[in-house]
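> Please find the sequence and the predicted model below.
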Amino acid sequence: MDPASDTTQPTTVEAGVHPSPEAVEATAGTPAPAPAIESDPAVGFQPSAWASPAPAASPARPSGPSTVRTAVLAAVLSSVLTVALTAVVLRATVPAGPTANGSPAASASRGPGPSAGTSAASALVSAPLEPAPDAASDAVSATARVLPTVVTITTSSPGRRGATFTGAGSGFVVDSRGWILTNRHVVTGAATITVGLADGRTLPAQVYGLSSTNDLAIIRVDATGLPVAQLGDSLRLALGQSILVLGSPLGDYPGSVSSGVVSGLGRTIDITGVEHLSNLIQTDAAINPGNSGGPMVDLGGRVIGVAVATSQAAGIAFGIPIEDARSIVALALAGQPIP
């Protein structure tokens with residue numbers, strides 16, 4: 001409620017000026033005396049309950065048009081003065097004070113009601129509030145944007161004595177013509193590679209190229225019109241920034257999402273018997289076997305890294321910055337060999 005229009009403020013309204021109970025009759029050539037207004041400093045301009053006493057009535061005269069006109073004029077003048085002085089009383093007796101918009105309060109009371117403090121509190125409660133940032137909503141939107149581009153990669157390779165070894169990993173589409181980015185260790189040595197798309201299709205895939213400088217690889221399936229992941233900017237990552245990891249942990253739960261923050265930047269790790277990796281993103285988001293090659297994304301749904309390794313310690317996992325993969329993707333799409 002706007003306090004300037006609040007009519008619930010209790011206000012004492014003094015009686016207005018009333019004309020003398022006897023009509024004031026003017027003598028010939030003598031104007032009727034005007035009621036006097038006294039000044040009372042306690043309440044401002046406030047007339048007394050009655051106007052100044054009227055002068056003694058003139059001797060009775062025969063009634064006539066002049067007498068009637070005089071009486072009518074006196075009554076009209078008395079009514080005008082009553083209305084005007086009542087307005088003065090209202091203005092003088094209503095407490096003036098600043099309102100919510102800085103204008104003085106000027107409304108009369110209609111009877112008991114909430115205090116001014118209650119009205120002010122009601123105005124505060126009813127004021128519109130700015131919506132708070134909703135990280136959960138952002139995560140849902142980011143997941144919905146990226147998940148259609150995420151694939152599950154299943155590999156098989158021959159082992160000793162005729163045994164067959166299978167493996168699982170993840171990847172994401174970087175071009176609608178079937179180009180997919182993943183980890184090198186996911187597909188190295190595989191005899192067959194099968195890609196499970198988010199739309200439910202399962203297609204064979206071939207390795208296009210393996211990076212010799214990083215744990216990255218490009219594979220391709222025979223398909224067109226695939227949804228493509230948007231690449232972000234890993235150079236602008238900040239500690240504490242929220243991120244998501246999408247993929248197929250253990251190879252059994254495709255389309256899974258885990259969340260965490262950027263715990264560190266520029267990390268270096270040694271994968272026993274495999275390789276030395278540097279300039280990694282550290283996160284506390286869950287990365288399990290099968291997540292390798294899946295996208296790490298910000299809450300805008302942009303890929304900022306590629307999941308690559310986890311630690312035996314809880315809450316420590318790593319990803320390759322997407323900036324280190326851009327050149328590999330560009331070379332593959334241009335038909336150039338990957339060094």
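Nice, thanks for sending it over. The model shown is predicted, which means the values in this text are computed figures rather than measured ones.

> Which pLDDT value belongs to residue 58?
Here, the pLDDT recorded for residue 58 equals 49.

> burial measure for residue 313, as a count.
7 (other C-beta atoms under 10 Å). Where you see a C-beta, it was placed from the backbone N, CA and C, and this is true even at glycine.

> how near is it to residue 319?
Distance check for residue 313 against residue 319: by C-beta to C-beta, to the nearest Å, it reads 16 Å.

> cool, and residue 236?
15 Å.

> ok, these two, which is more surrounded?
residue 319 (28 against 9).

> Assumed the more buried one was part of a strand.
Yes. According to DSSP: H, G, I helix; E, B strand; the rest coil, residue 319 belongs to a strand.

> Residue 145 - nearest residue in space that isn't next to it in sequence?
Excluding the flanking residues, the one nearest residue 145 by C-beta to C-beta, 6 or more residues apart in numbering is residue 301, at 3.5 Å.

> Let me fix that, I meant to ask about residue 276.
residue 270 (5.3 Å).

> Which element, helix or strand, includes that neighbour?
Using DSSP states H and E, the element containing residue 270 is strand 256-271.

> Flag every buried residue along that strand.
256, 257, 258, 259, 260, 262, 263, 267 (16 or more other C-beta atoms under 10 Å).

> Parallel or antiparallel, which strands does it pair with?
Take DSSP bridges as the rule and strand 256-271 pairs in its sheet with strand 242-247 (antiparallel), strand 275-283 (antiparallel).

> Looking at these, which is nearest to residue 179?
strand 242-247 (17.8 Å; C-beta to C-beta).

> Alpha carbons of the closest one, in PDB - could you do that?
Backbone C-alpha positions of strand 242-247 (Å, rounded to 0.1, in the frame of the first residue of the first chain) are rendered in PDB as follows:
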ATOM      1  CA  SER A 242      30.800 -24.900 -11.000                       C
ATOM      2  CA  ILE A 243      31.200 -27.500 -13.700                       C
ATOM      3  CA  LEU A 244      29.500 -30.800 -14.900                       C
ATOM      4  CA  VAL A 245      30.900 -34.000 -16.200                       C
ATOM      5  CA  LEU A 246      28.800 -36.100 -18.600                       C
ATOM      6  CA  GLY A 247      29.500 -39.600 -19.800                       C
END
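
> Measure how that strand sits relative to strand 317-321, angle-wise.
Angular relation of strand 242-247 and strand 317-321 on a 0 to 180 degree scale: 90 degrees, by axes from the mean of the first three to the mean of the last three C-alpha atoms, to 10 degrees.

> Which stretches in this protein count as helices?
Along the chain, counting by DSSP state H, helices occupy 65-93, 116-126, 135-146, 184-187, 323-333.

> Which other helices and strands does the third one contact?
Read that as helix 135-146. Here helix 135-146 touches strand 242-247, strand 295-298, going by 3 or more C-beta pairs under 8 Å, 6 or more residues apart in numbering; DSSP states H and E.

> tell me the angle it makes with strand 256-271.
Using the same axes, to 10 degrees: helix 135-146 against strand 256-271 is 80 degrees.

> Just the buried residues of helix 135-146, please?
Applying 16+ other C-beta under 10 Å to helix 135-146 flags 138, 139, 142, 143, 145, 146 as buried.

> can I get those in TSV with pLDDT and distance to residue 216?
Output for the buried residues of helix 135-146, formatted as TSV (pLDDT from 0 to 100; distance: C-beta to C-beta, whole Å):
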residue	pLDDT	distance to residue 216
138	92	28
139	94	26
142	96	23
143	97	23
145	96	23
146	97	18
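
> Columns distance to residue 295 on top of those, output as TSV?
Below are the buried residues of helix 135-146 laid out as TSV (distance: C-beta to C-beta, whole Å):
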residue	distance to residue 295
138	16
139	14
142	10
143	11
145	11
146	6
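
> and which of those is nearest residue 285?
residue 139 (11.3 Å).

> picking up where we left off before, for residue 198, see how far away the residue nearest to residue 276 is.
34 Å.

> Over to residue 317?
Taking C-beta to C-beta, one finds residue 317 at 23 Å from residue 198.

> Between the two, which is the more surrounded one?
residue 317 (26 against 18).

> most tightly surrounded among the helices and strands packed on helix 135-146?
Greatest average neighbour count among the helices and strands packed on helix 135-146 goes to strand 295-298 (a mean of 29), per mean count of other C-beta atoms under 10 Å.

> just checking, what packs against that strand?
Against strand 295-298 (3+ C-beta pairs under 8 Å, 6+ apart) you get helix 135-146, strand 242-247, strand 303-310.
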